[in-house]
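**Q** heads up, no residue letters with this:
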């Protein structure tokens, strides 16, 4: 049994990490911290944990030092302060914030804050593209939810050089992605019966997506717009491209099947099938489908879907942990989605 | 390993049974039938099973005969024809329809159809009240969703004779309870932003609730009204009573704690806490709380919540199966709820 | 043209008052105040007013003095301070808070604050029961949303003395009723897919309901429990009673038809029809229906539905204004509901 | 008073037409037909019309002949049969189906049916682009919901030749757009908590959009993908383009302000403001905003929002009627949106 800790465990990502880790057969949750809720039993904040665990939130970080591995579910800016301390005492860290995903200069522009741990860069924890680096990493920067859905949807295609550089990722996210803190845009009467585009040209996930995809398409001209839709969990992204050369839908499909052969958490759908949020709800799967080629207009469409708290956050973090610990990557993640 | 079959596996209850049984460590799903979808792979109907199972729907019932135990997730009226055949070839059966829960005369009045297997009565599969009978049953009649939430919420109270006979169960159900077949009342533009009382005086679950509760309170005057609310999964029931004698909230709580001591799937909440659907979503738990005593008006309130497809249907059926097979009752049901 | 003002116009009730009054043919909105948003154009807060009005929020109350009539959409506690000042300068006032609906002693118990204007009691602005008093009132206390739906549903029945004193009003409200201020219980991921009973024995609308209904049934033993359901607008209440004597559904219906004959905003449905939120959405109607008599159990059910911001707040306030100004009661309120 | 009729009045578009026309000061609804509901009072199908009108559905079309103008809210394929008959008896017609919007060859490809009235082409009823033609038209082809939101959002931009030919319209529609007939994809448990891309390369609105926009940009390479989101009413479309030349956000805004100067139903938002569905709910407005220029990537984004049953169907049809009858275009359409 490995001992794990969670820093900043009171948010939705913390709650989802606990849901997964408390049933993981190879690890034990030794510590979950929250300054605000210190001393309270976990289920006073996370109602789904009632009867599952009687653990209490720790207010101090000291307790984390006994762990083998620590998840930082702390907000942007906080991780930056915390992670160096944890690494210093010899811990391995999976950070779920955006603090260690980008070059510091880019980070500072998009997150609008000074980076105080500039020397430190995480291994980008997208196992399908960086599995070997993750295996040996001391610090994994767990990808953002939008980047996960978009990079995995576009990488196979861009790696084949079959589409123009003009690419659109139009993404729709459930509102749990905005965190557990109430605000105007997440107030039920505002968010229900609503579709809201936000940070239209400036979302902090844009450079994260480009950083990965430009390895395949250096000239990529990506237009990424995120939207909030009235859904609790789930993130769907529709990708629009134009073909440089003829390509049939069967060929398109086989590009994806080859690229993700053997991947335990990528499901490439049949032609004619479109990813659905209920098929990934509560799981670590990414479904890729909706493959469409409009030969007349030389356009091509691909759709992906994840659970923003699953493959988009906590699920992927556990997948990274499994790799780091040398476990079967699927351990503790073999949940079946909650449909309907 | 025990071999199990599911008859009528293409509906929501069938899908939930499959979600639970395909991950159950002590059973193997040998057969799932659906006349309409015969030959199709399960995940063509149940998108959450993609990548989980390559089993196909059987069109014929013959395949069920090889099983140790069969779940009938068939509609009212169909079970009546099917169950006697299955029993005859020596199978043990858990029927999720209403066909074997009531005395035939009552059944015929409330279901408005002739009962064609009048000699046959199932053991009422509410383990918290009938565990021993279930253990040895050949035919278990799995309770309805409303009855589960209401009987378990009221039994402790009625058994203590502390309240008047005038009792209200005002219940709100998620729309998956209406089944997978589209109809006007479940059409999204009609069901969203809506609260709909239905079968106000004549719901078929009323006599089922009374049958159990009159064992505690023969003079019970129950008013049960079901409502559809814009929720996929989850059923919440609010129970209004009036006190015959003084009773404090602490005493009220302790009645419930005593009654359900040791029960693995009943969570009695603290005073001041109200059951929430997200805390039971995807699980077999029933949460009971919202304990309120209004001394001035001598009124008393108790609230319960379940997942209508979980403890209200498939979860409870698996719990019954575990008991029938002599397994630990929690096997395969130790899922944590999907919150948020 | 009459000149009207709105104090505290930045909340949902203020927004709805503006929606109605800006299209009212007999009045002109002269002033809308909001300390927080002083100087901003209305549609910066109320997006539905873009292109409709270029009025700006006033920060000071002085501007209200020029009006003929003032709506106070201020919170409980604020109205108490404001209303006496407005009355003193000769204005007529419709107050939408709870401050002037109850006897001060009762108010202080349920609102948990000291009443600082104890001498002042409003005319209870439920036109169907108090039309004549409203006509001449200087201060109208506009009813709460739950009381409106419940009192109008039960008054005809209780006035006939045909039911027992044990009466339940189980009410489900849309979340706009909780106001425009974000909080945990109205955060989308918490409120969606949820049904939440709250203030189970202590809601401040309970004594308001009793105050009116005890005029018909002095011994009334009312159990009122409010719930939040995932709906923006709309409030539905189910009323459970038991008969003292035999009563058929036709007779029940005719009690209601007689009681509300000629009422412009009460729609008594046919037998077999149940009120739906979409039929009252955006309007000042109350629909009463779902009439059920279960002769075997001597129980009786009646269901009502309103728009909590319409008949439950702003619509009724405008109806009261029309009466106070001697206008046709329907003026400016002849909107058709938004279905679906 | 002008006399109007509605053919096929039992669907959602029919219900919305009735909501608007029954309160229109210059017309009288003389006739509403529905074969299926012949003889029933309108509010038995349209619950929002209870107490508003006692009109009954006509089963025969003959009654339409007495009208001055007829709305055909009949499905694709039915209009094709009906409209020629109505024109022949001298009526003016506004057809809300897709039957008369396209060249017959294009129609047959995208609607997959033979066109039986090939000689007949409607005037495309987008008043902002075709007001003069509408004024004198005998047959107006009322635009589709997606085309309305997309054409009006892109026309100003494309008319200026400032963007590349690669253009994306990623649209999200409320589910009332799918009509009143229940089906699998609109069944509440499937549609709630879901985002569903559909007809990804083949939606019938694609050629309709191109037909208008190619007048401005003959080389347009449009990628249009429609999605269903869990919303009753409302349609939001996000448009992604790339700049051919430098263009600031202020300039972008002024292109739109100039293009739509004086238009009563187009609201061009300020920079920094994003269209919201609640601001157009129940109205005939289109809001255009979310103007973003990402100079680094030379990309440009514009977002539009309409009520799919308002400006996307019935509202626009009434606007067309007003023009055809020589009335003020805003008559009967001065409703304020239902926010929240």
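**A** Right, received. Where do you want to start? Bear in mind that the values here come from a model prediction, so they are computed numbers and not experimental data.

**Q** which parts of the host helix or strand of residue A:129 are buried?
**A** Here residue A:129, judged by DSSP states H and E, is contained in helix A:127-135. Neighbour-count burial for helix A:127-135, counted by 16 or more other Cβ atoms under 10 Å in any protein chain shown, picks out A:127, A:128, A:129, A:130, A:134. All C-beta atoms are positioned from the backbone trio N, CA, C, and that covers glycine.

**Q** Identify, from those residues, the entry nearest to residue B:246.
**A** Of all the buried residues of helix A:127-135, residue B:246 sits closest to residue A:127, with 61.9 Å by Cβ to Cβ.

**Q** these two touch, right, that closest one and residue A:318?
**A** No: contact criterion Cβ atoms under 8 Å: residue A:127 and residue A:318 do not qualify, at 10.9 Å.

**Q** in chain A, which spans are strands?
**A** A:2-7, A:27-32, A:69-72, A:92-95, A:123-124, A:139-141, A:166-173, A:196-197, A:221-228, A:235-242, A:266-268, A:286-294, A:299-306 (DSSP state E).

**Q** picking up where we left off before, nearest to chain B, of the buried residues of helix A:127-135?
**A** Set against chain B, the nearest of these by Cβ to the nearest Cβ is residue A:128 (15.0 Å).

**Q** Look up how far residue A:287 lies from the residue lying closest to that closest one once chain neighbours are set aside.
**A** Nearest residue to residue A:128 in three dimensions, chain neighbours excluded: residue A:263, at 5.6 Å (Cβ to Cβ, 6 or more residues apart in numbering or on different chains). Distance from residue A:263 to residue A:287, counting by Cβ to Cβ, to the nearest Å: 12 Å.

**Q** Could you check which of those two is surrounded by more residues?
**A** Set side by side, residue A:263 and residue A:287 show more neighbours around residue A:287, with 30 against 15, by other Cβ atoms under 10 Å in any protein chain shown.

**Q** Please name the bridge partners of that one.
**A** residue A:267, residue A:305 (DSSP bridges).

**Q** can you give me the helices in the stretch 151-300 of chain A?
**A** For the stretch 151-300 of chain A, the helices defined by DSSP state H, counting those that start in this stretch occupy A:188-191, A:205-213, A:249-259.

**Q** Out of the ones you listed, which gets nearest to residue B:107?
**A** Residue B:107 lies closest, by Cβ to Cβ, to one member of the helices of the stretch 151-300 of chain A: helix A:188-191, at 41.6 Å.

**Q** Is that closest one in proximity to chain D?
**A** Yes: Helix A:188-191 is in contact with chain D by Cβ under 8 Å from any Cβ of the partner chain, via A:189, A:190.

**Q** So what's the gap between that helix and the chain middle?
**A** Between the centre of helix A:188-191 and the centre of its chain there are 25 Å (Cα atoms, centre = their mean, to the nearest Å).

**Q** packing partners for it?
**A** Counting by 3 or more Cβ pairs under 8 Å, 6 or more residues apart in numbering or on different chains; DSSP states H and E, the packing neighbours recorded for helix A:188-191 are helix C:188-191.

**Q** neighbouring contacts of the helix it packs on?
**A** For helix C:188-191, the surrounding residues in contact (Cβ atoms under 8 Å, 6 or more residues apart in numbering or on different chains) are A:12, A:174-176, A:180, A:186-188, A:191-192, A:230, A:232-233, B:278, B:340, C:175, C:184-185, C:228, C:230.

**Q** what about 10 Å?
**A** With contact meaning Cβ atoms under 10 Å, 6 or more residues apart in numbering or on different chains, helix C:188-191 is reached by A:12, A:47, A:174-180, A:182, A:185-192, A:194, A:228, A:230-233, A:309, B:276, B:278, B:339-340, C:175, C:178, C:182-185, C:196, C:228-231.

**Q** do you know how far the residue lying farthest from the centre of chain A is from residue B:160?
**A** In chain A, the residue that sits farthest from the middle, by Cα atoms, centre = their mean, is residue A:296; the gap is 35.4 Å. Separation of residue A:296 from residue B:160 (Cβ to Cβ): 74 Å.

**Q** Ok, residue A:139 next?
**A** From residue A:139 across to residue B:160, the span is 58 Å (Cβ to Cβ).

**Q** try residue A:147
**A** Distance from residue A:147 to residue B:160, by Cβ to Cβ: 57 Å.

**Q** Residue of the stretch 1-150 of chain A closest to chain C, please.
**A** Counting by Cβ to the nearest Cβ, the stretch 1-150 of chain A gets nearest chain C through residue A:12, at 7.0 Å.

**Q** give the contact list for that residue.
**A** Contacts for residue A:12 (Cβ under 10 Å, 6+ apart) come out as A:46, A:73, A:175-181, A:232-233, A:308-309, A:313-314, B:339-340, C:189.

**Q** and if you look at residue A:109?
**A** So residue A:109 contacts A:102, A:103, A:202, A:204, A:207 (Cβ under 10 Å, 6+ apart).

**Q** do residue A:146 as well
**A** By Cβ under 10 Å, 6+ apart, residue A:146 lies in contact with A:169, A:171, A:173, A:177, A:203-206, A:208-209, A:224, A:226, A:235, A:237, A:306, A:308, A:312.

**Q** Those residues: which ones sit near chain D?
**A** Residues of these in contact with chain D (Cβ under 10 Å from any Cβ of the partner chain): A:169, A:171, A:173, A:206, A:224, A:226, A:235, A:237.

**Q** Which pair of the residues you listed spans the longest distance?
**A** The most widely separated members of the ones next to chain D among the contacts of residue A:146, counting by Cβ to Cβ, are A:206 and A:235 (15.4 Å).

**Q** Please say which of these two ends up with more neighbours.
**A** Comparing residue A:206 with residue A:235 by other Cβ under 10 Å, the one with more neighbours is residue A:235, at 31 against 25.

**Q** Give me the neighbour count for the closest residue to residue A:21 other than its chain neighbours.
**A** The shortest distance from residue A:21 to any non-neighbouring residue, by Cβ to Cβ, 6+ apart, is to residue A:29 (5.1 Å). By the criterion of other Cβ under 10 Å, residue A:29 has 21 neighbours.

**Q** Run through the residues that contact residue A:29.
**A** By Cβ under 10 Å, 6+ apart, the residues touching residue A:29 are A:3-6, A:9, A:17-18, A:20-22, A:42, A:53, A:55, A:67, A:71.

**Q** for residue A:250, what are its contacts?
**A** So residue A:250 contacts A:271, A:291, A:293 (Cβ under 10 Å, 6+ apart).

**Q** Could you check how many residues crowd around the closest residue in space to residue A:294 that isn't next to it in sequence?
**A** Nearest residue to residue A:294, sequence neighbours excluded (Cβ to Cβ, 6+ apart): residue D:201, at 4.0 Å. Using other Cβ under 10 Å, residue D:201 is surrounded by 20 other residues.

**Q** so what's residue D:201 up against?
**A** Counting by Cβ under 10 Å, 6+ apart, residue D:201 touches A:249, A:290-297, A:299-301, D:223-225.
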